[in-house]
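>>> give me a 3D structure for the following:
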Amino acid sequence: MEVQTLSQLPKRAAEEFKDKPFLLYPSLSTFKQLDEESDRVASGLAELGVGKGDRVALYLWNRPEFVYALFGILKVGGVAVPVNPAFREREVRALLSDCGAKALFLEEATWPVVQNVKEELPGLQHLICASGESGTVKLEDLRRPSPPPPVSLSPDDLAVVMYAAREKGYLGAMLTHHNLLSVVRRLASPELSFSKPEDRVSLIHLMYSVFSLDELLLSLYQGNSVVLEKSFDIEVFLSHVEQLWVSKVLLPMSSIMLLTDLPNVLVKYDLSSLRFICNVEEPYNREVAEEFRSLTGVPVINSYGLAEASGFVNLPKVGEASSGSLGPPLGVEEKVVDELGREVEPGKAGELLVRGPQVMKGYWNRPEETARVLRDGWLHTGDLATVDTAGNLELVGRKKRIIKFRGFGISPEEVEGVLKEHEAVQDCVVAGKPGLAGGEIPVAFVALKQGMKTTAGELMRWVEERLAPFKRIREVEFVPLIPRDRLQEFIQRMISKRRR
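Residues are numbered from 1 along each chain as shown. Next comes the predicted model:
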């Protein structure tokens, strides 16, 4: 059975892999059980009136219920909207309002946030809790034994709205069934060796990330067993690799560096089952990768992708000495252009453009932003890169003003907006200062109102109380004014000064 939509994946996997374990941790379940559980969720959603095109948000940490709910949503023709479970009130309110979510899956840990914003979201009709909270529908009670009603879906129907931090805030990339399946089929190609039918996958990167979504879908497509981790606890992760024979995992480079910082812990575990670690969402650090390999014998490969292209865009062939190379594109066209849109010669830097079946339909509710990044079929990524004569990609910088902290994307304008709400702040700019392992640290340059005073500590606490923990400002410098007419030059000069 060749699937045409993501909603068909569980049924196809159940028919092909039957009682083979799909989830190994935190609970054991088979591919057949996944299909049955997602059917029950789909039937319950249909009874609530959720149908084709309705947006349903997933505000959950990595747990089995996330997977059952995701495929239940897709089976009724709904559109899944993963939400970072670390988000706080203003972030959740903004995303749910923007996508117009009709229903929301949550859990005990995220319920307090939802409780504080639900009255401001009149379109949010149904709250479904994995563990059961007063004022919500318990997931256990939602499930129905009957099969869900048939829904007519096409490959070009919307499947997921994947929000990602961009310069002016969060934008929702509209991804179709065809978009995501295009990536999955490429990742499954034998010549790439990225995925093998016998793989056991550790899903440790949170499921609001498009790369984790790719890996989940790929696991169903290939029949891979999955270890679903809630968070990156180093010793728990390493013990699962040893005891459950994990063979592949996606991790940002900063997490890999945390492992290399604990060589005495690493050597306690047998990691011989691990074929590779794939770096995602952070610049590759060759020194860290080589140190990890020398300690464990496990290679660290690089990758490139973005939500607007359904995740993975470039990957090297596993097993080849890549030295951090991003490798050739995965079934897409790529070109590098100068500021006038002219393609540059190999080896010369410019903006990376991507065209192919995995490129999004556009941004949800953002026609102007869509028109800006999608032109003549080409996705303007905002990333600066070079491509050699063999088509291998190397990133050299970013045209877009985004901060990457430990694999998390941070919108500078969102954090600036919060800082400007403080009574003492006249103006500010937030930027990324180079940190460990190639990542960045959010820092703020702040101009105060005349006659007003505050401290760096107070401003850092102000942001921390209002945004997800990873967006916390790590450094504050007070300046007389922010030169808006030469902002980029100012940022570069100030960051360069703080590096010295």
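>>> ok, Gly51 - contacts?
Shown in contact with Gly51 (CB atoms under 8 Å, 6 or more residues apart in numbering): Val76, Gly77, Gly78, Val151. (Glycine included, C-beta is placed from N, CA and C.)
>>> how near is it to Ser182?
Plainly put, Gly51 is 26 Å away from Ser182 if you go by CB to CB, to the nearest Å.
>>> now swap in Glu2 and tell me
For Glu2 relative to Ser182 (CB to CB), the value is 13 Å.
>>> so which of those two has more stuff around it?
Ser182 (21 against 7; other CB atoms under 10 Å).
>>> OK, contacts around the more buried one?
Here Ser182 is in contact with Ser310, Gly331, Gly356, Pro357, Gln358 (CB under 8 Å, 6+ apart).
>>> and those residues, which are buried?
Neighbour-count burial (16 or more other CB atoms under 10 Å) is assigned, among the contacts of Ser182, to Ser310, Gly356, Pro357, Gln358.
>>> isn't the last one up against Asn179?
The reference is to Gln358. Yes. Here Gln358 reaches Asn179: they are 5.1 Å apart, a contact under CB atoms under 8 Å.
>>> ok now do Leu158, which residues does it touch?
Leu158 touches Gly53, Val79, Met174, Leu175, Thr176, Lys361, counting by CB under 8 Å, 6+ apart.
>>> how about 10 Å then?
Going by CB atoms under 10 Å, 6 or more residues apart in numbering, Leu158 touches 52-53, 55, 77-80, 174-177, 179, 360-361, 364.
>>> how far away is it from Pro64?
25 Å.
>>> can you check Leu218 too?
For Leu218, the distance to Pro64 - CB to CB - is 18 Å.
>>> ok, Glu91 touching Val83?
Yes. Using CB atoms under 10 Å, Glu91 makes contact with Val83 at a distance of 8.3 Å.
>>> the more surrounded of those two?
Val83 (25 against 22).
>>> residues contacting the closest residue to the more buried one other than its chain neighbours?
What sits nearest to Val83 in space, not counting adjacent residues and going by CB to CB, 6 or more residues apart in numbering, is Tyr59, at 4.5 Å. Listed by CB under 10 Å, 6+ apart, the contact partners of Tyr59 are 66, 81-85, 87, 92, 95-96, 101, 104-107, 109-111, 113-114, 127, 208.
>>> among these, which ones are in strands?
Val81, Pro82, Leu104, Phe105, Leu106, Leu127 (DSSP state E).
>>> quick check: the two most widely separated of these?
Largest separation among those by CB to CB: Pro82 and Leu127, giving 16.6 Å.
>>> of the two, who's got more company?
Ranked by neighbour count (other CB under 10 Å), Pro82 and Leu127 place Pro82 first, with 23 against 18.
>>> what sits opposite that one in the beta ladder?
Beta-bridge pairing of Pro82 under DSSP bridges involves Leu58.
>>> quick one: it and Gln125, what's the gap?
For Pro82 relative to Gln125 (CB to CB), the value is 19 Å.
>>> and for Ser310?
Taking CB to CB, one finds Ser310 at 29 Å from Gln125.
>>> also Lys196?
43 Å.
>>> in the stretch 151-300 of the chain, which spans are strands?
For the stretch 151-300 of the chain, the strands defined by DSSP state E, counting those that start in this stretch cover 158-166, 169-176, 200-203, 225-228, 248-251, 276-279, 300-301.
>>> contacts only, for Leu262.
Leu262 touches Ile234, Glu235, Leu238, Lys268, Leu295, counting by CB under 10 Å, 6+ apart.
>>> in the chain, which helix is the longest?
Longest helix of the chain, by residue count under DSSP state H: helix 31-48.
>>> can I get that helix as PDB, trimmed to CA atoms?
The C-alpha trace of helix 31-48 is given here as PDB (Å, rounded to 0.1, in the frame of the first residue of the first chain):
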ATOM      1  CA  PHE A  31       2.100  -0.500  15.000                       C
ATOM      2  CA  LYS A  32      -1.300  -2.200  15.100                       C
ATOM      3  CA  GLN A  33      -2.100  -0.500  18.400                       C
ATOM      4  CA  LEU A  34      -1.100   2.900  17.100                       C
ATOM      5  CA  ASP A  35      -3.500   2.500  14.200                       C
ATOM      6  CA  GLU A  36      -6.300   1.400  16.600                       C
ATOM      7  CA  GLU A  37      -5.600   4.200  19.200                       C
ATOM      8  CA  SER A  38      -5.500   6.900  16.500                       C
ATOM      9  CA  ASP A  39      -8.800   5.600  15.000                       C
ATOM     10  CA  ARG A  40     -10.400   5.900  18.400                       C
ATOM     11  CA  VAL A  41      -9.200   9.500  18.800                       C
ATOM     12  CA  ALA A  42     -10.400  10.300  15.300                       C
ATOM     13  CA  SER A  43     -13.800   8.900  16.100                       C
ATOM     14  CA  GLY A  44     -14.000  11.000  19.200                       C
ATOM     15  CA  LEU A  45     -13.000  14.100  17.400                       C
ATOM     16  CA  ALA A  46     -15.600  13.500  14.700                       C
ATOM     17  CA  GLU A  47     -18.300  13.300  17.400                       C
ATOM     18  CA  LEU A  48     -17.100  16.700  18.700                       C
END
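>>> so for it, what gets flagged as buried?
31-46, 48.
>>> residues near Phe17, how many?
Around Phe17 there are 20 residues (other CB under 10 Å).
>>> my bad, should have said Gln243
That count, for Gln243 with other CB under 10 Å as the rule, works out to 14.
>>> got the contact list for it?
Leu24, Tyr25, Val227, Tyr269, Asp270, Ser273.
>>> burial count for the last one?
This points to Ser273. Neighbours of Ser273 (other CB under 10 Å): 16.
>>> test my guess that it contacts Ser247.
Yes. Contact criterion CB under 10 Å: Ser273 and Ser247 qualify, at 5.4 Å.
>>> give me the common contacts of those two.
If you check Ser273 and Ser247 against CB under 10 Å, 6+ apart, the residues they both contact are Asp199, Arg200, Val241.
>>> what segments of the stretch 251-400 of the chain are helices?
For the stretch 251-400 of the chain, applying DSSP state H, counting those that start in this stretch gives helices covering 253-260, 263-266, 286-296, 367-373.
>>> list the contacts of Asp388.
With CB under 10 Å, 6+ apart, Asp388 has these contacts: Ser325, Pro328, Pro346, Gly347, Glu394.
>>> how about the residues you listed, which pair is most distant?
Checking those with CB to CB, the most distant pair is Pro328 and Gly347, at 15.4 Å.
>>> with pLDDT, neighbour count and distance to Gly135 added, can I get the contacts of Asp388 in CSV?
Formatted as CSV, the contacts of Asp388 follow (pLDDT from 0 to 100; neighbours: other CB atoms under 10 Å; distance: CB to CB, whole Å):
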residue, pLDDT, neighbour count, distance to Gly135
Ser325, 79, 20, 52
Pro328, 86, 18, 51
Pro346, 87, 12, 59
Gly347, 85, 11, 60
Glu394, 85, 17, 52
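>>> out of those residues, which is nearest to Glu489?
Glu394 (25.5 Å).
>>> thought the closest one was touching Tyr304?
Yes. Taking CB under 10 Å as the definition, Glu394 is a contact partner of Tyr304 at 9.3 Å.
>>> now do the shared contacts for these two.
Tyr284, Asn314, Leu326, Ala385.
>>> among those, name the ones in strands.
Those of those lying in strands (DSSP E): Asn314, Ala385.
>>> can you pick the most crowded of the shared contacts of Glu394 and Tyr304?
Asn314 (26 neighbours).
>>> list the buried residues for stretch 13-20?
Ala13, Ala14, Phe17.
>>> of the contacts of Gln243, grab the buried ones for PyMOL.
Command for PyMOL that selects the buried part of these, burial taken from 16+ other CB under 10 Å:
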select buried, resi 24+25+227+269+273
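>>> now render the contacts of Gln243 as a markdown table, adding distance to Ala164 and pLDDT.
As requested, those are exported to a markdown table (distance: CB to CB, whole Å; pLDDT from 0 to 100):
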| residue | distance to Ala164 | pLDDT |
| --- | --- | --- |
| Leu24 | 29 | 96 |
| Tyr25 | 28 | 96 |
| Val227 | 25 | 97 |
| Tyr269 | 34 | 96 |
| Asp270 | 37 | 96 |
| Ser273 | 32 | 97 |
